[in-house]
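> sequence unavailable; structure follows:
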C-alpha cells in the first residue's frame, strides 16, 4: 500500500553513490538532448515554451497600422529649401545611396514647386492605439537585414520609389548599384542593389553570417516586375481560360495558340521561376529573407487589350471587370507557385526563414497639384483615370485569396490607407509616383520591417 501523499514514480536514492549516479544520468540526458536540439539533424525538440505560452498576440495588425491619421510634426526649423539637402533634412534623412533620378525622387527637380516645402515633409503617421510598434530606425533595419536576411523588392515604378526611399532610410550604411550618374542611359529594368557599405561603422557591431560578402551580398534588390509573371506565362494562363470545356481537337488548339492577351504597350516583368531562386538562394550571391511584391497598376485594358470592351464605356472601365476576373486566376496560380517553391526549399533542408509579403497597391490621386496637405478621409474618384478607381478591387481580390491556409508563408499587407490620404505627396509631373520624404513610402518600410521581425515570428503555423 502506497502511503498517502507519496507521488507516483517517486525516486528517492538512499545512498550517496546512488545520488551521484542519478545526478550523472541527469547531466548525460541533458547533454544528449542539447546535442540533438542544436544539430542540423531533422530531429527537433518541441518548443515547450511556445506550447505553454500559447499563441503570441499580434502587436500591430496591418489594418490597425492603417487605421490612423497624419499629424503635423516638423523635424527642423527650416521654412524653405535651397536644394536637395534641405528637403532631406526636413524628412529626417541624411542622404541617399541610390542616384537614379535623384532630384525627381526627392522633389527638387522643379524649382517652381519648392513652395510645397517644408509642409510636404512635415507630417508623421500615427497608427491606431492598438499598435505597439518600435520607432522607425534605419540602423536596426540594416542589422536585421545582415543577420536575418534582406529584402527582394518586385514591382513597377512605384516599387522603384520604395527602393530609392530605402536607400535614403538606410544611408550612410549602404551603397547602391548601378551608378546612374556615370551611366544615365541604363535601362529602368536593370536590377538595382543596396550593399552594406565598407565604410559603415556597423561593421564593428554586427556578426556577419558565414559566407556573407560586404562586396557582393546585397541587402536590398529591386527588379522591375510589373505583373509578377512574364508575358509568355500570362498568355499561357489566358489561353487555358479560353479552352472550351466540351470541345477538343487540333483546330481549336491551333486557334487558341495564336491568341495573345497583350497589346504592344511596353511592360517589364518576370515569373516566379525566375525570381524565386533568388529569394531561396544562398550567400554570397543571395541573402534574402523577405520577398516584397506589389502589383495592380499595369493590369489595364490598354495593356491587356484582349479584355478591352469599348461598348462597356468609360464608366465600366472599358471591360476592367474582365481584367479583375483574370487577375484572380493569375494570382492564384502565382501564390501556388511561390508557396510550392518555399515548401520544396524546406523539404530539401532549407532552414533560413523565408516569407513573402504583398503590399497593397497604391493608386494615384486626381488633381494632386491642387492639394497641399493630408486628407482626413479618402475622397471618391470623380473621373476614371487609368485603372485607379478599381485598384481597391484588385487589392481585395489578392487579400481574400491569400487568406487561405494554403499559403502560410505569403501575407497580404493592407497598408495603403496612409498613402490614400496623401494627395500632396506625389512627385512633380504626375499624380501617381511618390516622393521620398513625406512619410508614405517610409511608412511601408517601417511596417514591413515590423511585420517580418515581430509579427511573423510570433505566429504559430
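That came in fine, so what should we check first? Note that the coordinates shown come from a computational prediction; the quantities given were computed from them, not determined experimentally.
> mind giving me the packing neighbours of the one helix or strand residue 164 maps to?
For residue 164, the host element (DSSP states H and E) is helix 157-169. Helix 157-169 is packed against helix 102-106, strand 150-155, strand 192-196, strand 218-224, strand 288-293, helix 440-450, with contacts defined by 3 or more CB pairs under 8 Å, 6 or more residues apart in numbering; DSSP states H and E. (Each C-beta comes from the backbone N, C-alpha and C, glycine too.)
> show the average pLDDT along the fifth one.
It refers to strand 288-293. The average pLDDT within strand 288-293 is 98.
> the fourth one too?
Taken as a whole, strand 218-224 has an average pLDDT of 98.
> that strand - which strands sit beside it in the sheet, and in what orientation?
strand 150-155 (parallel), strand 192-196 (antiparallel) (DSSP bridges).
> for residue 327, find the nearest of those.
strand 150-155 (15.0 Å; CB to CB).
> show me how far that closest one is from its chain's centre.
6 Å (CA atoms, centre = their mean, to the nearest Å).
> now it: average pLDDT?
98.
> how about TSV for the helices and strands packed on helix 157-169, with mean neighbour count and distance to residue 381 added?
Formatted as TSV, those follow (neighbours: other CB atoms under 10 Å; distance: least, CB to CB, whole Å):
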stretch	mean neighbour count	distance to residue 381
helix 102-106	21	25
strand 150-155	25	22
strand 192-196	23	32
strand 218-224	24	27
strand 288-293	24	25
helix 440-450	23	19
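> any idea which of the ones you listed gets closest to residue 125?
helix 440-450 (5.1 Å).
> show me what that closest one is packed against.
Using 3+ CB pairs under 8 Å, 6+ apart: helix 440-450 touches helix 138-148, helix 157-169, strand 355-359, helix 417-420.
> so which of the helices and strands packed on helix 157-169 is nearest residue 182?
Short answer: helix 102-106, nearest of these by CB to CB, at 13.1 Å.
> now residue 274. Nearest residue, chain neighbours left out?
The spatially closest residue to residue 274, leaving aside those adjacent along the chain, is residue 230, at 7.3 Å (CB to CB, 6 or more residues apart in numbering).
> and if you look at residue 306?
In space, residue 306 is closest to residue 261, 4.8 Å off (CB to CB, 6+ apart).
> so which elements touch the helix or strand residue 341 falls within?
Residue 341 is located in helix 320-347, with elements delineated by DSSP H and E. Where contact means 3+ CB pairs under 8 Å, 6+ apart, helix 320-347 is packed against helix 231-242, helix 272-280, helix 391-402, strand 410-413.
> one step back: report the buried residues of the helix holding residue 164.
157-169 (16 or more other CB atoms under 10 Å).
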